[in-house]
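A.B. asks: Here is my input, please return the structure:
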Amino acid sequence: MKTYPLHSITIEQAKQLQFHAIDCITRHFDGYEVLSTGDLGVVKGLNKPNYTFKAEKVFADFFGAQDALLVRGAGTAAIRWGLVSMMKPGETILLHQAPIYPTTKVAIETMGLKTIYANFNSPEDVAYVIGKHQNEISGVLIQHTRQKINDAYDLETVIKQIKGLLPNVPILTDDNYAALKVEKIGCQAGAEISTFSCFKILGPEGIGVLVGDKKYIQRAGSFQYSGGSQVQGHEAMEALRGLVYAPMALAVQSEVNEELVTRICSGEIPGIKHAFLANAQSKILLVEFEEEIAEKVLEVTPKYGAAAHPVGSESKYEFAPMIYRISGTFRQQDPSLEKRMIRINPMRSGPDTVLRILKQAMDEIAKGC
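C.D. replies: As a prediction, this is how the structure comes out:
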């Protein structure tokens with residue numbers, strides 16, 4: 001089985017991102033403010049907490065964008081408000097020919113958007129579909145991470161091609177599980193809006209981020225008028241702390257994944273047919289067993305310390321390795337994989353811990369059989 005995981009940044013690149021984050025923060029917050037938990041309420045003239053306003057400027061500067069917005073509802077809401085800001089109900093959106101992430105599908109259906117699909121892995125198919133429907137398409141949504149195991153498209157390449165064919169049509173990218181792991185997110189690669197969840201970059205739960213063109217970001221912000229919709233100052237400051245600490249943590253996680261693939265494929269644990277990296281949706285290790293024991297492994301591994309289920313799939317609460325079933329979009333593509341394959345995300349753990357848990361689980365299952 002061939003996979004095409006996204007290229008992760010190095011430890012050195014992650015270190016520079018951390019320094020860049022601090023530099024951006026200190027350009028907008030003074031030395032007293034950085035030690036505060038933030039303000040509350042709707043400040044006159046801003047209609048949001050002052051610390052939230054400043055944190056949004058930091059996110060915009062960090063990604064080299066015109067503007068940014070923090071919203072309630074995590075990455076799901078960020079995508080929804082991004083779509084609302086750039087499209088009208090009933091218009092037509094271009095998508096990748098693949099299973100749509102369930103929460104994104106809800107947003108599309110709620111807006112009554114008509115859908116047109118192109119295989120983003122094939123420039124020829126993209127050109128053909130756009131040529132056939134050029135006058136219908138009003139917006140484009142591209143998921144940065146993989147929707148299918150064999151997805152291989154490069155985000156920036158797809159954006160450039162679509163922009164060349166549809167120069168006036170806005171593009172929104174779902175950068176969940178990619179932000180702070182790769183060199184560029186969508187808005188840095190030519191898209192109008194990038195969206196992701198703070199929860200997936202070690203930040204607060206329930207807070208989403210939109211970054212990109214001021215025109216669309218301000219439009220999305222205009223829909224967040226009520227006081228209850230505002231992200232409070234203490235949440236914004238927590239989002240900034242995630243922005244600071246996530247790059248290094250995620251880069252270390254990537255290194256651990258690489259070592260795990262090498263060691264498992266070398267035969268360190270008997271009974272495993274193959275192991276490989278994939279973005280499903282986060283960059284994880286997929287392990288395929290020689291026998292259909294995936295369900296049994298998932299039942300046993302929590303006993304030995306593996307997280308039993310995701311919280312935010314890379315949230316600040318998930319430090320123990322997560323050993324879990326393969327993603328819904330992958331199961332939808334090939335239901336048989338669920339019986340013989342699992343996914344492993346080491347989170348903050350080292351490779352020895354992951355391998356120890358996996359070996360203990362498989363030894364127990366072997367004795368039981």
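A.B. asks: hey, let's count contacts and neighbours off CA atoms from now on
C.D. replies: Fine.
A.B. asks: my guess is residue 264 meets residue 275, correct?
C.D. replies: Yes. The criterion here is CA atoms under 8 Å, and residue 264 meets it with residue 275 at 6.6 Å.
A.B. asks: between these two, who's got more neighbours?
C.D. replies: A count of neighbours by other CA atoms under 10 Å puts residue 275 above the other of residue 264 and residue 275, at 22 against 18.
A.B. asks: any chance you could map the strands in this structure?
C.D. replies: Taking DSSP state E, the strands of the chain run over residues 67-72, 92-96, 114-118, 137-143, 171-174, 193-197, 207-212, 272-279, 283-289, 322-325, 341-345.
A.B. asks: With respect to burial, which of those strands scores highest?
C.D. replies: strand 193-197 (a mean of 31; mean count of other CA atoms under 10 Å).
A.B. asks: Please report how far residue 6 lies from residue 30.
C.D. replies: Applying CA to CA, to the nearest Å, the value for residue 6 to residue 30 is 37 Å.
A.B. asks: between these two, who's got more neighbours?
C.D. replies: Neighbours per residue (other CA under 10 Å) separate residue 6 from residue 30, with residue 6 holding more: 21 against 10.
A.B. asks: quick check: domain ranges of this structure?
C.D. replies: With domains defined by automatic domain parsing, the chain comprises 11-246, 251-368.
A.B. asks: Next, count neighbours for residue 12.
C.D. replies: Count around residue 12 with other CA under 10 Å applied: 11.
A.B. asks: and what of residue 367?
C.D. replies: Applying other CA under 10 Å, we find 7 residues neighbouring residue 367.
A.B. asks: Equivalent analysis for residue 222, please.
C.D. replies: The local packing of residue 222 (other CA under 10 Å) involves 11 other residues.
A.B. asks: Same question for the one 3 residues further on.
C.D. replies: Here the number of neighbours of residue 225 (other CA under 10 Å) works out to 12.
A.B. asks: cool, residue 224 as well?
C.D. replies: 20.
A.B. asks: tell me the contacts of it?
C.D. replies: Listed by CA atoms under 8 Å, 6 or more residues apart in numbering, the contact partners of residue 224 are 71, 230.
A.B. asks: For it, give me phi and psi.
C.D. replies: With angles defined as degrees, to the nearest 10, residue 224 sits at phi -100, psi 40.
A.B. asks: if I look at it, how far off is residue 81?
C.D. replies: 9 Å.
A.B. asks: Also residue 40?
C.D. replies: 23 Å.
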